[in-house]
Structure formats: structure tokens, C-alpha cells
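In: this is a predicted model, with the sequence first.
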Amino acid sequence: MKGLLIKDIRLMKNMKNSMLLIVVIAVGMGAYIKDASFIITYLALIGATFTTSTMSYDEFDNGYAFLLSLPVTRKGYVLEKYTFGLLLSGGGWLLGSVIAAVAGVVRNTSPLSDSLMMSMVMLPFALLLLSVLFPIHMKFGGEKGRIIMIIAMGLFFAAIVLGVKLAESMHIDLDAALEKLPAMKTEAVAVSAIVIGVVILLLSCRISIGIMNKKEF
Amino acid sequence: MLKIEHLRKDYKSFSLDCTMEVKQGRVTGLVGQNGAGKSTTFKAALGLIRPDGGNIRILGRDISDFTAKERQKLGVVLSDSGFSGYLTVADTVPVLNSLYEEFDKAFFLEQIRKAGLPDNKKIKEFSTGMKAKLKVITAISHNARLLILDEPTSGLDVVARDELLDLLREFMEKDEDRSILISSHISGDLETLCDDVYMIHEGKIVLHEDTDVLLSDYAVLKMDERQYDTLDKQYILRCRKESFGYSCLTNQKRYYLENYPKLAIIKGTIDEVITMMIRGAAL
């Protein structure tokens, strides 16, 4: 595990310029845009895609064959990627939250407690993102994986739009339903969302191990 | 050290059925043409592909039960795979150091220096020879008991090949319990290094012999048709029709030397033997 983590950190050196640029953009967004929650998802997403980039580096030139001839099991490889993904995406989420909170206080657009709540709400999204991105990348590899990811995103939004339309046609008032949500304790909602996110992530990890075990190199 | 019994792997246009063994303290070679099944055998032995049948035992354990910790006792070179080209040699040091408990950093760096490999250049910018040297140095730097080397000398010039073979000889000299399985399609490499050689053709082992025996007892006999007709063929393994008459492969050179002094007898080399085994016909 440690050896692979070191390898991935060393691989990240190749991406340090783009990382720096992204942080600058995020800070810039904090200074100008209204909806600071976007910065959090943006940085968490970047963290996740950087992790899949390290998978692409591993895959390049049939590198998996060599990696798995080292003292590394397939399961160990998957666990390392999820750990690295959590570190990077979690790091992105944390950095995004800090930028959003600072921007909220400095620009006086949102009080600190609101910003903190928002970043808590964003955390399960970051987990969900990893849960979807990683198995797809492991199954289909970099090139095909990207296409499938785009299709998956498209289907996801299509499902939401369809759901809303369906609700409308059945005369269900979604707004009223959403209005009722704050009546529940917001903290309870956030915590249960995070728990669900973690469960999905564990499930996704299990699926990825299955995918890796089936592969031939 | 490594025992492969009836390893089967079926592809659409190719199927492998391989039985071989690498014994403790020995260097065993696997020769064959491109596509004969060498890499498939290696990959199955390392658990990189799933066999369709047969048994593979490595360091006394079934390959499917082989743990990450036990893999520390292997040193591996694959012909078509290595560390990511985006890493440098300096990047690989801490990686190897945490993967292998017995990684000998001083030895590794010394070999890197001797081989003239740059520390901070990306591996993808290395020449073929530099990459090959790095792979072998990586494989021998953590006190492995068994080296599994698939075409470690491919694409190298004579001098670079010689340097690599010297590294492997030094590796064997340090501990007599160590073993090596090495494949090559340049059989000259193997003649000087291997204790025994397996020849693989179209997925099957066609010959297994000690290198000494191969070099001393095998020979190719060249003769015209009249000589061929009167030849005692009981020690002839393969025959081939030539423009001048026939070439025959024997594993009893002395018998023919003594009884047919007029025959042209060419000392067996791995190249001669493999050519005859593959292109000649059994009698």
C-alpha cells in the first residue's frame, strides 16, 4: 500500500502545474461567483479525476502487468486507489470548503455556519463521485471509461429531468415536498447522507476488487 | 522453485500446453519463436492471466495462494511492461524501498551508477538498453530467490547484452540456492548462462535438455541422398530435405562421428537445434 501511494504521489509531480492552476482558478471563483458550493464540488471532482489519471499512467504501456508482479495484490491495488482517491478528493473538498468559507466571510455573502453546513452537504456528493468514477475507470480503462462516464452522467441527469416531469404530470408538488425537508433536522439529514455515501463507497470498492480480479494482463 | 504442470491456456488461434520445472540453484532457459507461448507461460506463472487448466507451484505454493509478502522473493522482468515512463529512477527508489523489506538501496544505486542511468530523467526518455538495464537491476536488488525474466535482453546490442548477463551471473554467484527462469529468442545468451533449456513451439514444449548435453551431444549431420539412404537413423530426432541432400539432428553426435567419419557434422548450438526441431520432420 505505502509503496503504491508513494508511486502515485510521485506521478502527481507530472500534474503539479495543472494542480496549481486549478487552485488559482478556485480562489478566483471564490472572489467572484455567488454560489460558493460549486468550488467545493469542483475541487473534489478534480481530486477524483487526478486519481483516475494515475490509473491511466498505470495502464499506459501495459504497466499493470509489471505493477502486479511486484509484492502487490489486486485487492491491495484497488484499496490503494480508493485511499488515494479519498485523500485527493477529500483534500479538494477540504480546500474548496476553506475557500468557500473564507470567501463567504470576507465578502459577507454567507455566514460561517452556513458555509460549514454547505460543505457537509457536498461531502456525500464527493463520495458518490468516487464510487461511480473508479469502477468505470477500472473496468473500461481511460479512453472508453471517459465515454462511458459521459453517458452515465447524461443518463443521471435525464433520469432527474424525467422524474421531475413525471411528478408534474402526476400533480405532485416537489417544491412543497422539499419545503418540508428543513423541518427535519438539517444535521440529521447531512449525517445520514454522509453515512449513505460511505456505504456506497464501500460497495463500489467491493465491485472494483471484483473487476480487477477478473482482469488479465 | 517453480513447477508448471500441463498449464493450459486457450486463445482463438493459439493454445498452450506447457510442463516445465525450474530447480533450486539452476538457471533454466525457455527458447522459442515469437508467439510460441513464452510470455503466456510467464504471465500465467506470475498470476497475471488465468490458466484454463493445469497446476503452477511457485516457491512451494500454488500461484492462486501466492501472497504479496511471498512475492517479495521474486524478481520479475517483463518484456512489454515496466514502471510508468512518467517516473524517474529517483522516484522508484522509495517505492521499491517500501515494497521490499530486503531492498538493498546502496546496491541498487551503485548498479544504476555503474550502468550510467540518469537519476532524474523520465524513464520514457530512456533508450531501449537503458530501460532493459533498469528492469534487471530492479529485479536483482531485493534478495529474490527466483528471478523470472521474460526477454530481458531483447533489443540490446552485444555489449549491453553481455553486461546484463554478467549481472545475472553475479546474482547467481552470491547465493547458490537462487534460481532463474529466463526466456530469449537470442539463444546465444542462453548457451552461456543456462544449466538447462526448454524449447517451446506452437504452445508445446518440444525439447528439454541440459545445456552441456545439448552442446556436447547434439549435432546436425549434413549428407547427400546416397549417404542418407544408408544412414542408421535410430538416433536421429529430426530430418530436413535440403538442396544438397539432407540435414539431420541427432543427440548422439559421437555415434555418428565414429561410424560415419565422412559425414559433415556440425556441432549443435541452440539455434541449430531449435531450427531443426521446428522445421525438420520427425522420422
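Out: Sure thing, it's come through. Residues are numbered from 1 along each chain as shown, chains lettered A, B, ... in the order given.
In: show me what from chain B comes close to chain A.
Out: Residues of chain B lying near chain A by CB under 8 Å from any CB of the partner chain: B:43, B:46-50, B:67-69, B:71-72, B:74, B:76, B:78, B:80-87, B:91, B:94-100, B:148. Any C-beta I mention is one placed from the backbone N, CA and C, and that applies to glycine too.
In: filter those down to the buried ones.
Out: B:43, B:46-49, B:68, B:71-72, B:74, B:76, B:78, B:81-87, B:91, B:94-100, B:148 (16 or more other CB atoms under 10 Å in any protein chain shown).
In: show me those residues that map onto strands.
Out: Taking DSSP state E as the definition of strands, these contribute B:Leu74, B:Val76, B:Ile148.
In: the strands in chain B, which residues?
Out: For chain B, the strands defined by DSSP E cover B:2-10, B:15-22, B:27-31, B:53-58, B:61-62, B:74-77, B:146-150, B:179-184, B:196-201, B:204-210, B:219-223, B:236-241, B:246-250, B:264-267.
In: for the residue of chain B most remote from its centre, what are its contacts?
Out: Distance from the C-alpha centroid of chain B, by CA atoms, centre = their mean, peaks at B:Arg226 (39.0 Å). If a contact means CB atoms under 8 Å, 6 or more residues apart in numbering or on different chains, then B:Arg226 has no contacts.
In: how close does it get to B:Ser247?
Out: B:Arg226 sits at a distance of 15 Å from B:Ser247 (criterion: CB to CB, to the nearest Å).
In: before we move on, back to that, adding mean pLDDT, write the strands of chain B out as TSV.
Out: Output for the strands of chain B, formatted as TSV (pLDDT from 0 to 100):
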stretch	mean pLDDT
strand B:2-10	93
strand B:15-22	94
strand B:27-31	94
strand B:53-58	93
strand B:61-62	91
strand B:74-77	95
strand B:146-150	95
strand B:179-184	94
strand B:196-201	92
strand B:204-210	93
strand B:219-223	92
strand B:236-241	92
strand B:246-250	93
strand B:264-267	88
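In: that older thread, closest to A:Gly141 among the ones in strands among the buried ones among the residues of chain B next to chain A?
Out: Using CB to CB, B:Val76 comes nearest to A:Gly141 of these, at 22.7 Å.
In: how about the strand or helix carrying A:Pro135 and chain B, any contact?
Out: Counting by DSSP states H and E, the element that carries A:Pro135 is helix A:112-169. No: applying CB under 8 Å from any CB, one finds helix A:112-169 separated from chain B by no less than 13.1 Å.
In: just the mean pLDDT for that helix, thanks.
Out: Across helix A:112-169, pLDDT averages out at 84.
In: which elements pack onto it?
Out: Contacts defined by 3 or more CB pairs under 8 Å, 6 or more residues apart in numbering or on different chains; DSSP states H and E place helix A:112-169 against helix A:37-59, helix A:74-106, helix A:174-180, helix A:186-214.
In: at 7 Å what do you get?
Out: helix A:37-59, helix A:74-106, helix A:186-214 (3 or more CB pairs under 7 Å, 6 or more residues apart in numbering or on different chains; DSSP states H and E).
In: tell me which of those helices sits nearest to chain B.
Out: With CB to the nearest CB, the closest approach to chain B among these belongs to helix A:37-59: 4.8 Å.
In: mind naming the longest helix for chain B?
Out: Longest helix in chain B, counting residues (DSSP state H): helix B:158-174.
In: model confidence at the spatially closest residue to A:Ser131 that is not a sequence neighbour, what's the number?
Out: Excluding the flanking residues, the one nearest A:Ser131 by CB to CB, 6 or more residues apart in numbering or on different chains is A:Ser204, at 3.6 Å. On the pLDDT scale, A:Ser204 is placed at 95.
In: in stretch A:67-75, what's buried?
Out: Across stretch A:67-75, burial judged by 16+ other CB under 10 Å covers A:Leu67, A:Leu68, A:Ser69, A:Leu70, A:Pro71, A:Val72, A:Thr73, A:Arg74.
In: ugh, wrong one, stretch A:209-217
Out: Within stretch A:209-217, judged by 16+ other CB under 10 Å, the buried ones are A:Ile209, A:Ile211, A:Met212, A:Phe217.
In: I'd like to know how far the residue of chain A positioned farthest from its centre sits from A:Lys165.
Out: Most distant residue from the mean C-alpha position of chain A: A:His171, 34.2 Å away (CA atoms, centre = their mean). The gap separating A:His171 from A:Lys165 is 12 Å, by CB to CB.
In: for A:Asp114, same thing?
Out: Distance, A:Asp114 to A:Lys165, by CB to CB: 31 Å.
In: if you count what's nearby, which of those two comes out ahead?
Out: Using other CB atoms under 10 Å in any protein chain shown as the criterion, A:Asp114 and A:Lys165 rank with A:Asp114 on top: 14 against 10.
In: and the nearest residue to the more buried one once chain neighbours are set aside, how far is that from A:Phe66?
Out: Spatially, and ignoring its direct neighbours in sequence, A:Asp114 is nearest to A:Gly104 (7.0 Å; CB to CB, 6+ apart). Using CB to CB, we find A:Gly104 at a distance of 47 Å from A:Phe66.
In: what of B:Tyr260?
Out: 51 Å.
In: more crowded one of the two?
Out: Ranked by neighbour count (other CB under 10 Å), B:Tyr260 and A:Phe66 place A:Phe66 first, with 23 against 16.
In: now for chain B, the helix or strand with the poorest mean pLDDT.
Out: Of all helical and strand segments in chain B, the minimum by mean pLDDT, DSSP states H and E falls on helix B:187-193, at a mean of 85.
In: check the offset of that one from the chain's centre.
Out: 9 Å (CA atoms, centre = their mean, to the nearest Å).
In: same question for stretch B:141-156.
Out: Using CA atoms, centre = their mean, the offset of stretch B:141-156 from its chain centre is 10 Å.
In: start to end distance for that stretch?
Out: One end of stretch B:141-156 sits 21 Å from the other (CA to CA, to the nearest Å).
In: over to stretch B:109-126?
Out: By CA to CA, the extent of stretch B:109-126 from end to end equals 17 Å.
In: can you list contacts of it?
Out: Here stretch B:109-126 makes contact (CB atoms under 7 Å, 6 or more residues apart in numbering or on different chains) with B:Phe83, B:Gly85, B:Tyr86, B:Leu87, B:Thr88, B:Val89, B:Ala90, B:Met130, B:Lys131, B:Lys133, B:Leu134, B:Ile137.
In: now, which of those residues sits nearest B:Gly32?
Out: Taking CB to CB as the measure, B:Lys131 is the one of the contacts of stretch B:109-126 closest to B:Gly32, at 22.9 Å.
In: give the contact list for that closest one.
Out: So B:Lys131 contacts B:Gly82, B:Ile123 (CB under 7 Å, 6+ apart).
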